[in-house]
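In: One predicted model, sequence on top.
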Amino acid sequence: MQTKVIASKPISLAWQKVQDYKMLVKFRLSMTVVFSSVMAYLIAAAGPVNWVALAILAGGGFLVTGAANALNQVLEKDYDRLMKRTANRPVAAGRMKMSEAVMSAGLMSLFGITLLALFNPWTAFFGTFALVSYAFLYTPMKRLSPSAVVVGAVPGALPTLIGCVAAQGELTLLGLSLFALQFFWQFPHFWSIGWLGYEDYARAGYRLMPELEGRRGSSIRLQAFLYTLFLLPVAAAPFLLGVAGAASLLVVLGLTLGYAWFGWNFYKAGNRKTALRLMFYSFLYIPVSLIAFFADKL
């Protein structure tokens with residue numbers, strides 16, 4: 001019996017370490033970032049799919065995103081301890097030393113940027129800019145002003161632009177339109193999450209919503225609704241550029257009208273039910289839109 005306990009301990013510790021690294025890089029979030037970048041590459045690429053290039057893009061994107069998330073947790077470890085949803089993160093909980101997290105972030109950023117640089121200077125530049133702006137601009141600004149959401153939306157939207165420049169080798173209107181789609185999408189997404197987690201964020205000193213309004217004010221809910229309307233012309237851009245057809249135009253415009261509907265309900269009611277519905281709908285918007293553009297291209 002004792003032998004079994006001793007033998008199982010290294011396995012248990014190894015499994016915990018794997019789980020800690022998944023939390024450190026925010027595995028599911030990083031995978032959604034990779035998905036956006038890969039889909040943008042497929043939408044923008046001409047000719048047959050280069051699967052090796054696609055794998056390099058996915059690997060580089062995952063490593064850069066993981067590095068940014070790791071640095072975020074190092075910088076916010078003291079505040080993560082104050083929030084229920086983040087208290088169990090490995091650095092905040094003390095299961096991982098700061099030096100280990102920083103070294104991991106350094107290695108991931110080095111290899112990630114190197115992989116992106118294999119495409120062209122644009123991909124390396126935007127990958128580096130996303131990493132630096134997320135970790136060293138957005139992260140500290142969250143405790144200073146709600147304008148941090150605008151700052152954070154830039155690195156949050158860069159994966160689609162990185163995918164496009166990796167495929168096309170230059171800045172194009174298609175790349176900028178997909179960047180704009182993901183940029184404007186984030187505001188209703190962020191505001192619904194900020195509204196739902198207001199007390200938790202306030203406990204840690206994050207100012208993602210105006211202090212004078214808190215949860216009661218309507219300006220953030222109004223902004224959430226208005227940003228869904230900004231998506232309407234952006235959603236039509238791939239069709240107008242001749243990259244996608246009428247089918248994807250109808251699908252994405254329909255998705256955007258649905259987003260606007262949930263945003264309007266959130267603005268009018270301002271309750272947990274409408275905030276949750278807006279948040280969950282936002283999870284579907286970007287992946288379904290990108291799949292629709294790619295399917296229509298085929």
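Out: Ah, there it is. Residues are numbered from 1 along each chain as shown.
In: Low-confidence stretches in the stretch 1-150 of the chain?
Out: Low-confidence segments of the stretch 1-150 of the chain (pLDDT under 70): 1-9.
In: Please, where are all the helices along the chain?
Out: Applying DSSP state H to the chain gives helices spanning 2-24, 27-44, 51-75, 77-80, 90-93, 98-117, 121-133, 139-141, 148-168, 173-196, 198-203, 219-240, 246-269, 272-297.
In: what angle sits between the longest one and helix 219-240?
Out: Spelled out, it's helix 272-297. For helix 272-297 against helix 219-240, the angle by axes from the mean of the first three to the mean of the last three Cα atoms, to 10 degrees is 10 degrees.
In: go on, the second one?
Out: Interaxial angle, helix 27-44 versus helix 219-240 (the same axes, to 10 degrees): 30 degrees.
In: Touching helix 27-44 from outside, list them.
Out: Residues from elsewhere that reach helix 27-44, judged by Cβ atoms under 8 Å, 6 or more residues apart in numbering: 49, 53-54, 57-58, 61-62, 65-66, 69, 159-164, 166-168, 172, 174-175, 178, 182, 238, 243-244, 286-287, 290-291, 293-294, 297. Yep, even glycine has a C-beta here, placed from its N, CA and C like the rest.
In: Would you mark the buried spots in that helix?
Out: For helix 27-44, burial by neighbour count (16 or more other Cβ atoms under 10 Å) applies to 27, 30, 32-44.
In: repeat for the third one
Out: Within helix 51-75, the residues that qualify as buried by neighbour count (16+ other Cβ under 10 Å) are 54, 56-58, 60-75.
In: Spatially nearest residue to residue 183, not counting backbone neighbours?
Out: For residue 183, ignoring the flanking residues on the chain, the nearest one in space by Cβ to Cβ, 6 or more residues apart in numbering is residue 157 at 3.9 Å.
In: What's the local residue count around the one you found?
Out: 21 (other Cβ atoms under 10 Å).
In: What of the one 10 residues further on?
Out: By the criterion of other Cβ under 10 Å, residue 167 has 24 neighbours.
In: before we move on, what about the one 5 residues further on?
Out: Other residues within reach of residue 172 by the criterion other Cβ under 10 Å amount to 17.
In: What of residue 270?
Out: Other residues lying near residue 270 total 16 when counted by other Cβ under 10 Å.
In: quick revisit: tell me the one among the buried residues of helix 27-44 nearest to residue 193.
Out: Nearest to residue 193 among the buried residues of helix 27-44: residue 32, at 14.2 Å, using Cβ to Cβ.
In: Relative to residue 287, how far out is that closest one?
Out: Distance of residue 32 to residue 287, given as Cβ to Cβ, to the nearest Å: 8 Å.
In: Overlap in contacts, those two.
Out: The contact sets of residue 32 and residue 287 do not overlap (Cβ under 8 Å, 6+ apart).
In: For residue 205, which residues are in contact?
Out: 79, 82, 143.
In: Tell me how far it lies from residue 78.
Out: 10 Å.
In: So which residue is smack in the middle of the chain?
Out: The residue lying closest to the centre of the chain (Cα atoms, centre = their mean) is residue 156, at 4.8 Å.
In: give the contact list for it.
Out: The neighbours of residue 156, taking Cβ under 8 Å, 6+ apart as the test, are 134, 182-183, 186.
In: any idea how far it lies from residue 34?
Out: For residue 156, the distance to residue 34 equals 14 Å [Cβ to Cβ].
In: Residue 247 too?
Out: When residue 247 is compared with residue 34 (using Cβ to Cβ), they lie 26 Å apart.
In: Could you do residue 123 as well?
Out: Counting by Cβ to Cβ, the gap from residue 123 to residue 34 is 14 Å.
In: picking that back up, buried ones only from the contacts of residue 156, please, as a ChimeraX command.
Out: Buried residues within those, by 16+ other Cβ under 10 Å, are selected in ChimeraX with:
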select :134,182,183,186
